[in-house]
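**Q** Sequence and predicted structure below; questions after.
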Amino acid sequence: MFDGSGSMAEMGFNDIDEPRIFEARRAIANVIPDIAQDRRLGLLVYGPNGPDECTGLDLRFAPVANSARPIIDAVNTLEPAGSTPLSEAVRLAAQTLEYRTRTATILLLTDGKETCGGTPCTLATELAAKGLDTTVHVIGFKVRGSFFSWDRHSDNDHNVAESVSRCLADRTGGTYTSAETLDQLIAALRATLGCQLLF
């Protein structure tokens, strides 16, 4: 699953020199050709192209063999937009993988937030309870906390944050990995794409 929301195009005050999407494209191009030779991969993009801000759920294709070129092309032509219906996107991926009756493994690449009213932790509990064997791995890429805060005494650094979606990994037996650089993102993708069936 790939985060295509508007925040993937952010840069500036959050100490990001170029939009996240640029490094994400480079990482995908680096990793996917090797992985796709041995693994069936699919792609679900969330964020852009919905009728409104929170309905951009685009299942490009379910897991298939030799999917490197379609994945790379889709990410390279993606124009980030929209909000982040993260929970509904994970739910759609799980349903596509028939998680109630089959083993399902999902890799979620996200820059952090659920912005469409979903509750990732509630969904994680549901997937763990109702799925046959459902695992969600999460890569939090350049996740940022709240830049503005009413709490002037807070020592929270907005550059040090975890995605709210961490509980999806924690409650389903997956891994949560933070990636801040291109090399870290490549390493995280290589580590988590060692699964048998992935989105």
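**A** That came through, no problem.

**Q** okay, CA-based contacts and neighbour counts for the rest of this
**A** Fine.

**Q** which residues does G194 contact?
**A** By CA atoms under 8 Å, 6 or more residues apart in numbering, the residues touching G194 are I35.

**Q** again, only using 6 Å
**A** Shown in contact with G194 (CA atoms under 6 Å, 6 or more residues apart in numbering): no residues.

**Q** Helices of this structure, start to end?
**A** In order along the chain, the chain carries the following helices (DSSP state H): 20-35, 68-77, 86-96, 120-130, 166-172, 182-192.

**Q** Looking at the ones you listed, which is nearest to L57?
**A** L57 lies closest to helix 86-96 among the helices of the chain, at 6.2 Å (CA to CA).

**Q** What residues sit buried inside the closest one?
**A** Within helix 86-96, the residues scored as buried using 16 or more other CA atoms under 10 Å are 86-94.

**Q** cool, and stretch 56-68?
**A** 56-59, 62-64, 66-68.

**Q** and what of stretch 32-48?
**A** Using 16+ other CA under 10 Å as the test for burial, stretch 32-48 gives 32-33, 35-36, 39-48.

**Q** Now do that stretch, average pLDDT.
**A** Taken as a whole, stretch 32-48 has a mean pLDDT of 95.

**Q** For this structure, give me the ranges with low pLDDT.
**A** For the chain, the stretches flagged by pLDDT under 70 are 12-15, 146-162, 195-199.

**Q** what's the spacing between P80 and V45?
**A** Distance from P80 to V45, counting by CA to CA, to the nearest Å: 10 Å.

**Q** sorry, that was for A188
**A** Between A188 and V45 the distance is 19 Å, computed by CA to CA.

**Q** picking up where we left off before, mutual contacts of P80 and V45, please.
**A** With CA under 6 Å, 6+ apart, P80 and V45 have common neighbours G4.

**Q** if we can go back for a sec, pick the one among the buried residues of helix 86-96 closest to H137.
**A** Each of the buried residues of helix 86-96 was scored against H137 by CA to CA, and V90 proved nearest at 10.9 Å.

**Q** farthest-separated two in the buried residues of stretch 56-68?
**A** Spanning the widest gap among the buried residues of stretch 56-68 are G56 and N66, at 25.8 Å by CA to CA.
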